[in-house]
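**Q** model the following, please.
(2 chains)
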Amino acid sequence: MNLSQEDLLAMYRYMVVAREMDRAICKATGKWHPTSGEEGAIVGMYYRLREEDVIAPHYRGSIIGYYMRGASLHKILAGILGKETGYNRGRIISKCGPPEFNAVGWLHSNVGPQIYLGTGAALASKVMGKNYVTLVSFGDGTSNRGEFHESINMAAVLNLPVVYVCQNNQYAISMAACRGLGCHTVADRAAGYGIPGMEVDGNDVLAVHQAVRGAMERAREGNGPTLIDARTFRVGGHWIADPEVYRTREEAEEWKKRDPILLFEKKLMERGDLTEGDRERIRLAAEEEVSLALKQAEADPLPGEELLGADDIFAPSPAGR
Amino acid sequence: MRRITYQEALVEAIREEMSRDKRVFILGQDVGMFGGFQQSTKGLWEEFGAAGRVVDTPISETAMVGSCIGAAMMGARPIVEVMAGAFLPNAASPIANDAANVWYYTVGKAKAPMVIRTKYGWGPYQDSSQNWEAWFVHVPGLKVVMPSTPYDAKGLMKAAIRDDNPVLFFEHMYLYHGVRGEVPEEDYTVPIGVAEVKRPGKDVTVVAAALMMHRTLNVAKELSKEGVEVEIVDPRTLAPLDEETILDSLKKTGRLVVVHEGWKTGSVSGEISARIAEDGFQYLRAPIVRVGAPHMPFPFAVPFQKAFVPHEPRIKEAVRKVLAY
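**A** Numbers count the residues shown, from 1 in each chain, chains lettered A, B, ... in the order given. Okay, the predicted model is just below:
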């Protein structure tokens, strides 16, 4: 893995922007599933994918993936506010991936479909003789669903170019992963499909990046899927108003000490790749970028009823009506 | 013209489309060397297997259908075979929640051109023959077809494969090897969303698809001897429904019977009846009568099945009822 100082600072910036986006959205909407504390896993997996590679993201962090692939922050935020200027023009929230950035998935609020959609994108890569790899991500709770099992088993037997990353924040709303999984880690499940399973520190952005890139190249070379369990922590509630009566405050406080942004900052400073000045400059720039985009999105119009699109449910087709 | 079976017509359509378009592939359980349940993919493995375009899968309906949606979004044109209608509910979420929504939610930037084929209805595999089509007719963004003849089966399959939307293709188990018909050798399609008058008549309109169309034909022949001329409208596509052709027939006859193999509650026959009552009340000279399966689980023993699946005496009785009104 060759990451230049420029790469490291870019990753750091994405993490800071992600945190800032999350804060701004929570404030602006009052209903959001915060990603705070999970930026190490998210930025680590999406950083420097190949342009042709496909992502099928976990809803929590999906917009960071789209942003990192080049989507406009303004349009993402407009979509979250249901404005007509969003990528989906008010038809669905921005968690639905803009296809122009090679994103598939999130067409409804079920938590597992991106696993079969991403597996299918990989299937198309193989059947049509393409060279792209698909990155699928999901939470620990989703690994209990049928589509997780069916899709990964199928990808294993068909040897598809796909990498599965569990953004394991250790909670499925109130259900702790240790109570919801019969095995110890999500990576343990890989053995059941005969594919490699890896555990990685999800709060170490570089470790996640290295694991995911290695697995992506392994898949590209025709060696099939890998399941990566990136253990992180949901320091906030499942959604903003979550009373969190099901866990202790101390648990989150302990994990906040291992905040992925703080850990990365420390590492970069020790290596001399980041100065106090850089840190301040990046933080201020992120705040400004997010606040400008949000202001613009808030000023945008809501779609009028004439844009409902009730007659736009089918692609025009040559045959038939 | 040559006469081939419903099954032969379907396989021929798929073979021709796979030859014509390299993006088309077929995936499902036992579709490979085995040749498909009821020979639904016979010969395709031999022709396209080496190119990786006939994909055998584990028993995983959710992932089979779901992955084909992802493949379609990336530019492939998959055909996924769900072996039997009874297994279709396992893939209900990918079909209704994902496939149906791709075009609308992405504002036309992505699409899901795919065919989901399944074998359903009364026939040789009694415990696999549930009729779940009404669930999918309910969903905006899906096309649902249900052919009755080999000609329609081939033409609709070709149209479905060429369609840029998800098409749910209901293939009737009994008709598979149970009906032969004229099928031209040259390329043709039957448009999706267009019904056909299978038998002209002036006294009563009967709407009937698939096996029910054949049973209604038998009834029409018998009633003709008594001087009653039944007009049979075969919808061929259940969604989007060709209401116009049914209304045109009703304008002539003034009387409507809707025969459908499935249950009546929340059903295809209910939907057709409601739409005609809304838009064609002025043409009705008698209340609409429906014929369907009794509201109970699909039974096993032969006499039970005979009583369960709508058959000629019940169709005839319904026709007499609307005539007597």
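**Q** after the helix or strand bottoming out on mean pLDDT in chain A, next one along is what?
**A** Scoring the helices and strands of chain A by mean pLDDT, DSSP states H and E places helix A:249-256 at the bottom, with a mean of 91. The element immediately downstream of helix A:249-256 (helix or strand, assigned by DSSP states H and E) is helix A:260-271.
**Q** elements contacting that next one?
**A** Other elements packing on helix A:260-271 under the criterion 3 or more C-beta pairs under 8 Å, 6 or more residues apart in numbering or on different chains; DSSP states H and E are helix A:5-29, helix A:39-46, helix A:205-220. C-beta here means a position set from N, CA and C on the backbone, and glycine is covered the same way.
**Q** between these, which gets nearest to chain B?
**A** With C-beta to the nearest C-beta as the criterion, chain B lies closest to helix A:205-220 of the helices and strands packed on helix A:260-271, at 15.3 Å.
**Q** just confirm yes or no for that closest one near chain B.
**A** No. In this structure, helix A:205-220 remains apart from chain B according to C-beta under 8 Å from any C-beta of the partner chain; the gap is never smaller than 15.3 Å.
**Q** span of stretch A:181-192 from start to end?
**A** Terminal residues of stretch A:181-192 are spaced 14 Å apart (C-alpha to C-alpha, to the nearest Å).
**Q** give me every residue that touches residue B:293.
**A** The contact partners of residue B:293, taken as C-beta atoms under 8 Å, 6 or more residues apart in numbering or on different chains, are B:131, B:261-264, B:308-310.
**Q** how is chain B divided into domains?
**A** Here the domain assignment for chain B is B:3-182, B:196-324, based on automatic domain parsing.
**Q** quick one: the strands in chain B, in order.
**A** B:3-5, B:24-28, B:54-56, B:77-84, B:114-120, B:143-145, B:166-172, B:180-182, B:196-199, B:204-208, B:230-234, B:237-239, B:256-263, B:289-293 (DSSP state E).
**Q** for chain A, what's its nearest residue on the stretch 201-325 of chain B.
**A** Closest residue of the stretch 201-325 of chain B to chain A, C-beta to the nearest C-beta: residue B:240 (6.6 Å).
**Q** and if you look at the stretch 151-300 of chain B?
**A** At 3.3 Å from chain A, residue B:192 is the closest residue in the stretch 151-300 of chain B, using C-beta to the nearest C-beta.
**Q** residue 31: neighbour count?
**A** Let's take chain A. 10 (other C-beta atoms under 10 Å in any protein chain shown).
**Q** nope, chain B
**A** The burial count for residue B:31: 25, using other C-beta under 10 Å.
**Q** that one and residue B:119, how far apart?
**A** 12 Å (C-beta to C-beta, to the nearest Å).
**Q** likewise for residue A:291?
**A** With distances taken as C-beta to C-beta, residue A:291 is found 58 Å from residue B:119.
**Q** shouldn't residue B:169 be in contact with residue B:116?
**A** Yes. Here residue B:169 reaches residue B:116: they are 6.6 Å apart, a contact under C-beta atoms under 8 Å.
**Q** can you map out the helices along chain B?
**A** Per DSSP state H, chain B carries helices over the ranges B:6-20, B:44-48, B:61-73, B:92-93, B:102-105, B:133-137, B:150-162, B:173-178, B:210-225, B:243-253, B:268-280, B:302-308, B:312-324.
**Q** what about the residue nearest to residue B:161 when sequence neighbours are not counted, neighbour count?
**A** The spatially closest residue to residue B:161, leaving aside those adjacent along the chain, is residue B:17, at 4.3 Å (C-beta to C-beta, 6 or more residues apart in numbering or on different chains). Residue B:17 has 22 neighbours, counted by other C-beta under 10 Å.
**Q** is it correct that residue B:17 is in contact with residue B:158?
**A** Yes. Here residue B:17 reaches residue B:158: they are 5.9 Å apart, a contact under C-beta under 8 Å.
**Q** which intervals of the chain have sub-threshold pLDDT?
**A** Because you didn't say which chain, this covers chain A. A:1, A:318-321 (pLDDT under 70).
**Q** wait, chain B
**A** Residues of chain B meeting the criterion pLDDT under 70: B:126-128.
**Q** which residues of the stretch 1-150 of chain A fall in helices?
**A** Under the criterion DSSP state H, counting those that start in this stretch, the stretch 1-150 of chain A contains helices at A:5-29, A:39-46, A:62-68, A:73-80, A:113-127, A:146-157.
**Q** include mean neighbour count and distance to chain B when you put those helices into TSV, please.
**A** Output for the helices of the stretch 1-150 of chain A, formatted as TSV (neighbours: other C-beta atoms under 10 Å in any protein chain shown; distance: least, C-beta to the nearest C-beta, whole Å):
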stretch	mean neighbour count	distance to chain B
helix A:5-29	19	19
helix A:39-46	30	18
helix A:62-68	25	13
helix A:73-80	24	11
helix A:113-127	30	2
helix A:146-157	23	4
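**Q** residue contacts, residue 5?
**A** If you meant another chain, say so; for now it's chain A. With C-beta under 8 Å, 6+ apart as the criterion, the residues that contact residue A:5 are residue A:273.
**Q** the chain in question should be chain B.
**A** Taking C-beta under 8 Å, 6+ apart as the contact definition, residue B:5 lies against B:150, B:176-177, B:179-180.
**Q** let's see that with 7 Å instead.
**A** Contacts for residue B:5 were tallied using C-beta atoms under 7 Å, 6 or more residues apart in numbering or on different chains; they are B:150, B:177, B:179-180.
**Q** in ChimeraX, select just the buried ones from those residues.
**A** Entered in ChimeraX, the line below selects the buried ones among these, by 16 or more other C-beta atoms under 10 Å in any protein chain shown:
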select /B:150,179,180
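**Q** could you dump the contacts of residue B:5 to a markdown table with distance to residue A:115?
**A** Written out in a markdown table, the entries for the contacts of residue B:5 read as follows (distance: C-beta to C-beta, whole Å):
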| residue | distance to residue A:115 |
| --- | --- |
| B:150 | 39 |
| B:177 | 38 |
| B:179 | 40 |
| B:180 | 43 |
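**Q** quick check: the farthest pair among the contacts of residue B:5?
**A** The widest separation within these, taken as C-beta to C-beta, falls between B:150 and B:177 and amounts to 11.0 Å.
**Q** residue 38: neighbour count?
**A** Here I'm looking at chain A. Burial of residue A:38 is recorded as 29 neighbouring residues (other C-beta under 10 Å).
**Q** ah, I was thinking of chain B
**A** Residue B:38: 19 surrounding residues under other C-beta under 10 Å.
**Q** can you check the one 5 residues further on too?
**A** Residue B:43 has 15 neighbouring residues, counting by other C-beta under 10 Å.
**Q** distance of it from chain A?
**A** Residue B:43 sits 19 Å away from chain A, taking C-beta to the nearest C-beta, to the nearest Å as the criterion.
**Q** residues touching that residue, list them.
**A** Contact partners of residue B:43, counting by C-beta under 7 Å, 6+ apart, are B:11, B:15.
**Q** that one and residue A:286, how far apart?
**A** According to C-beta to C-beta, residue B:43 stands 60 Å off from residue A:286.
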